[in-house]
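K.L.:
Have a look; sequence and predicted model below, questions after that.
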Amino acid sequence: MKRLLPYLAVAFFASVPLWLQDQYFLHTLVVSGIFMLAAMSLNLLLGYTGQLSLGHVAFFGIGAYVSALTSLGFSISIFGYQITHEPWPAVVGVILGTIVAGLCGYLIGKLAFRVRGAYFVIVTISFAEVVRLVALNWVELTNGPLALPGIPPLTIGFEWTGYATLWGKAQNYYVVLAAIVLAYVIIKRLVYSPYGRAMIALRENETLAMSVGVSVTKYLVLAAIVAGAMAGTAGGLYAHYIQIIDPMVFMFLNTVTMVIMVITGGKGTLAGPIVGGLIFGIAPVVLRSYVGPELQWILYGLLMILIVFVLPDGIVPAIERWFGRTSESAGDRRSLTLETSKASQS
Amino acid sequence: MDQLLQHLVNTLIMGGTYALLGIGLTLIFGIMRIVNFTHGELYAFGAYMMYFFAVILGMDFFLSIAFAIVAGMVLGAAIEFTLLRSKRGADIDTTMILMIGAWIVLQNAEHLVWGGIAKSVPSPLPSEPLVIGPISISWLRAMVLLIALALIAGTYLVINRTKLGKAMRATFQDSGTAALMGVNINAIYTMTFALGSALAAAAGALLGPVFVIAPTMGDLASLKAFAIVILGGLGNITGAAIGGFILAFAEEIGAGYISSGYRDAMGFLIIIIVLLFKPTGLFARTERIG
């Protein structure tokens, strides 16, 4: 049953566009899915290596801007040289966005992992703010606060099959679903590999891990690259789905949304960001008809505080404890969760 | 040259309030080890309280500043008492997430209560600027600098010359021993957080009349305060005071000679550069890198 759960979940979510009539709700699911993807990548850093990155939105935004600019084309002059870029297909944009965000993950990882704890958090926030200010002020490239409108939607296909343009919500829904499944598989493979064990070892006790020969920088930077690239993919998908982006994508509240998704669902669990992402993706739509946006954020803030007091490990570990699963895979995962809870208490 | 002189004068005036913000945060973040994201909201709260007392209740300008500071102190004590007291000894991530939650609640509550339209507080001082040679200073800004300097000196004396300050320093050096010596460490934790919050509220009450008051004004204030604390070294009050002036100077020069759009980027660049090359801060004596 436990083994089947991911397959059942995928089968259920794949069937949603077939019976869901409400287009607005489908749109909500697509956007939640994109943020869920970003939250899953954040979980790799926050949950598995134990490093709270509060600049994660930078990777998301870089992916979005790179992808949008690749597919829109641009013309800028740097030190007197005119650089002109002709529009490329949207898919290439998403791939480039992923690569560039991954490279930024490498650079920031190399720089920021020199410090730990609160310092790391502040370096990552500063990085995101600097990127936001660049997006706001480099008007020639990014159009500044006037936004980049008219980003083309994704097209799929090959020369011999013909191209299909993904205008519809249902098609984008399947693209996002596929990306989430792929990201889940990659993260699961990574976490249960020797690399993942090393990351968890660093989270539990960095000094001890170092003493047995775990290379700190290597594994932390690897996690930052994968997390950055995945968040970049999410940003690229966002840009081509929404079709307009402005520097507001770098809002700190977007990072906060990802963090809430991860800690509510359960950091350091594979399913945590997915459960948290569903809750915080759908909650705004349900709340919107009852309360204004300010009150909605106040409720989010209170919920965050409540989670820390009531369910410090998040929802998924709490459910797993409730059912007290004994099968091998569940035991394996629970040991990870137990490690998380110990880490959060230390 | 005249332009540079004017920039230096502006630096002094912004630096005074930045120093207040930084000293407040260095008490909370540097000494109590709480990554306090509500600091900027306390700053905004101070500014709104200034508006409340001076404009809505129509009280005396200087009395309003004092009341706004007291209100900030009470709110700070309430945050410490409700959220942090039971989580003492929890790891830094837990308290950080609590503080992010509190920050979101406070900011949106301000938005809900006061609305999104910016408010302004009229100054009782003459609007004619004070002109000395090529430099002009408004009376209001000069007064802001004087009050800020007085508050900085007062905080320094409280921490270093009073029994309360001694109890604070003892508690954060070794809370167990301090408790054995008869220090009520719970009260000290609350008072330190309240003092730090009061300084943030003071900065808000002083700058509120200079600029306009808006619900989002706290966001950058928090991050700038972190920059100042890191620049000065954690828990270093003198360092935070100097750091405030350095940040103000970097912003003035950045805005004046590079581009005004990048004024706010200066603080973040300072954070990144300082943490990469001298993570203990410019004035630290001991090694502390988290």
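P.N.:
Received the coordinates, thanks.
K.L.:
So which bits of the stretch 151-300 of chain A are right by chain B?
P.N.:
The stretch 151-300 of chain A comes close to chain B at residues A:252-253, A:256, A:259, A:263, A:292, A:294-295, A:297-298, A:300, as judged by CB under 8 Å from any CB of the partner chain. (Glycine included, C-beta is placed from N, CA and C.)
K.L.:
so what's residue A:62 up against?
P.N.:
By CB atoms under 8 Å, 6 or more residues apart in numbering or on different chains, the contact set of residue A:62 is A:97, A:100-101, A:104, A:131, A:232, A:235.
K.L.:
can you list the weak-confidence ranges in the stretch 201-346 of chain A?
P.N.:
Scanning the stretch 201-346 of chain A with the threshold set as pLDDT under 70 gives A:325-346.
K.L.:
can you pull out the helices in it?
P.N.:
For the stretch 201-346 of chain A, the helices defined by DSSP state H, counting those that start in this stretch cover A:206-211, A:216-242, A:252-265, A:272-288, A:293-310, A:315-323, A:328-345.
K.L.:
Any idea which of those helices gets closest to residue A:110?
P.N.:
In terms of CB to CB, the element of these nearest to residue A:110 is helix A:216-242, at 6.0 Å.
K.L.:
From the chain's centroid, how far away is that closest one?
P.N.:
7 Å (CA atoms, centre = their mean, to the nearest Å).
K.L.:
Need the residue closest to the centroid of chain B.
P.N.:
residue B:21 (1.4 Å; CA atoms, centre = their mean).
K.L.:
ah, wrong one, I meant chain A
P.N.:
Closest residue to the average C-alpha location of chain A: residue A:38 at 0.9 Å, with CA atoms, centre = their mean.
K.L.:
Hmm, it is touching residue A:60, no?
P.N.:
Yes: counting by CB atoms under 8 Å, residue A:38 does reach residue A:60; the two are 5.2 Å apart.
K.L.:
Could you name every residue contacting both of those two?
P.N.:
In contact with both residue A:38 and residue A:60: A:231, A:234-235, using CB under 8 Å, 6+ apart.
K.L.:
Closest one of those residues to residue B:148?
P.N.:
For the shared contacts of residue A:38 and residue A:60, the nearest to residue B:148 is residue A:231 (40.8 Å; CB to CB).
K.L.:
where's the closest one relative to chain B, distance?
P.N.:
Separation of residue A:231 from chain B (CB to the nearest CB, to the nearest Å): 19 Å.
K.L.:
go on, residue A:20?
P.N.:
Residue A:20 is 31 Å from chain B, by CB to the nearest CB.
K.L.:
contacting residues around that residue?
P.N.:
Residue A:20 neighbours (CB under 8 Å, 6+ apart): residue A:26.
K.L.:
List the residues that contact residue 238.
P.N.:
With no chain named, the answer covers chain A. If a contact means CB under 8 Å, 6+ apart, then residue A:238 has A:31, A:34, A:60, A:64, A:245, A:249 as its contacts.
K.L.:
should've been chain B
P.N.:
Going by CB under 8 Å, 6+ apart, residue B:238 touches B:156, B:232, B:283.
K.L.:
again, only this time at 7 Å
P.N.:
residue B:283 (CB atoms under 7 Å, 6 or more residues apart in numbering or on different chains).
K.L.:
name the element it belongs to?
P.N.:
In this structure, residue B:238 sits in helix B:237-253 according to DSSP states H and E.
K.L.:
and that helix, which residues are buried?
P.N.:
By neighbour count on 16 or more other CB atoms under 10 Å in any protein chain shown, the buried set for helix B:237-253 is B:237, B:239-253.
K.L.:
Repeat that for stretch A:207-220.
P.N.:
Under the neighbour-count criterion of 16+ other CB under 10 Å, stretch A:207-220 has A:209, A:214, A:216, A:219-220 buried.
K.L.:
in the stretch 1-150 of chain A, which spans are strands?
P.N.:
For the stretch 1-150 of chain A, the strands defined by DSSP state E, counting those that start in this stretch cover A:74-78, A:81-85.
K.L.:
Ranking those strands by mean neighbour count, which comes first?
P.N.:
Greatest average neighbour count among the strands of the stretch 1-150 of chain A goes to strand A:74-78 (a mean of 12), per mean count of other CB atoms under 10 Å in any protein chain shown.
K.L.:
Spatially nearest residue to residue B:158 (excluding sequence neighbours)?
P.N.:
Of all residues beyond its chain neighbours, the one nearest residue B:158 is residue B:165 (5.2 Å), with distances taken as CB to CB, 6 or more residues apart in numbering or on different chains.
K.L.:
Could I get the average pLDDT for the helix or strand containing the one you found?
P.N.:
Taking DSSP H and E as the criterion, residue B:165 maps to helix B:163-173. Regarding helix B:163-173, the rounded mean pLDDT is 87.
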